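>>> prediction below, plus the sequence it came from.
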Amino acid sequence: MSHENIQVIFDGDENAPLTIVLAHGAGAPMDSPFMDQMAGELAGLGCRIARFEFPYMAKRRLDGKKRGPDRAPVLLEFFGDVVDQLGDPDKLVIGGKSMGGRMASMVADDLGVAGLVCLGYPFHPPGKPENLRAEHLTGLKTATLICHGTRDPFGTTDEIAAYDLADTIALHWVADGDHDFKPRKSSGRTQSQNIKEAATAINDFARGLVT
């Protein structure tokens, strides 16, 4: 089922060689403070960013009712529709926050996009390392950057080091960051600083994909 005219927010240089398509996480919309700042930082570096909302979140915007995410097949198909609407998949880097990045990682190879960016990949639910959601990352062919907090409960640094991840996947470690890249006050760092550094890593990654 194709969705006509999916609402997309664009930021940054419309003449940039690649567009970075960012999906939101399970609980917060495309214009959450995290997503706003990430898009702003990337735009400031000369990137073009496109943000959209999955159907369940778009409905919440209309009626204000909180609802859980759509089932994975719906989310995956919708991501494909977004890419169809934007066109030129080889000029797109797709990804997103947590669940949004995970969904992007499951369709990236099929859609033929230039790259994949995950902002805090949910390797497993917090406290349940046995419920691993990384099987498809073993054979991922798309060039990938995962920005992940060193204190993220969805996957610790030690756990991730032990996973069998494809050679196409690079990691940017967010210093003392939790799942939202927020550091502890005692670290002397700020969430804004962590988002800015992650944006720089994403910009470098995206520019490296342009031949």
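Looks like it arrived, so ask away.
>>> elements contacting the longest helix seen in the chain?
Using DSSP state H, we find that the single longest helix of the chain is helix 191-209. If you count contacts as 3 or more C-beta pairs under 8 Å, 6 or more residues apart in numbering; DSSP states H and E, helix 191-209 packs onto helix 33-44, strand 92-97, strand 115-119, strand 144-149, strand 169-174. Yep, even glycine has a C-beta here, placed from its N, CA and C like the rest.
>>> return the set of buried residues in that helix.
The neighbour-count check on helix 191-209 (16 or more other C-beta atoms under 10 Å) flags 191, 193-199, 201-203, 205-206, 209 as buried.
>>> C147 versus the most centrally placed residue in the chain, what's the distance?
Nearest to the geometric centre of the chain sits G96, at 1.8 Å (C-alpha atoms, centre = their mean). Going from G96 to C147 by C-beta to C-beta, to the nearest Å gives 11 Å.
>>> find residues that contact each of these two.
Counting by C-beta atoms under 8 Å, 6 or more residues apart in numbering, the shared contacts of G96 and C147 are V117, C118, L119.
>>> so can I have a markdown table of those residues showing neighbour count and pLDDT?
Formatted as a markdown table, these follow (neighbours: other C-beta atoms under 10 Å; pLDDT from 0 to 100):
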| residue | neighbour count | pLDDT |
| --- | --- | --- |
| V117 | 28 | 98 |
| C118 | 25 | 98 |
| L119 | 30 | 98 |
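>>> out of the residues you listed, the closest to L75 would be?
L75 lies nearest to C118 out of the shared contacts of G96 and C147, by C-beta to C-beta, at 14.6 Å.
>>> residues in contact with that closest one?
Here C118 is in contact with G95, G96, G101, R102, A104, S105, T144, L145, I146, C147, H148 (criterion: C-beta under 8 Å, 6+ apart).
>>> out of the residues you listed, which is nearest to E14?
So of these, ranked by how close each gets to E14 (C-beta to C-beta), first place is G95, at 19.4 Å.
>>> list the beta-bridge partners for that closest one.
Beta bridges link G95 to L22, V117, judged by DSSP bridges.
>>> wait, isn't it in contact with L18?
No: the criterion here is C-beta atoms under 8 Å, and G95 misses it with L18 at 11.8 Å.
>>> looking at those two, which is more packed in?
Each of G95 and L18 has its neighbours counted (other C-beta atoms under 10 Å); G95 has more, 28 against 19.
>>> per-residue pLDDT of that one, please?
If you check G95, the pLDDT there is 98.
>>> next one: A28 from H172, what distance?
Taking C-beta to C-beta as the measure, A28 falls 21 Å from H172.
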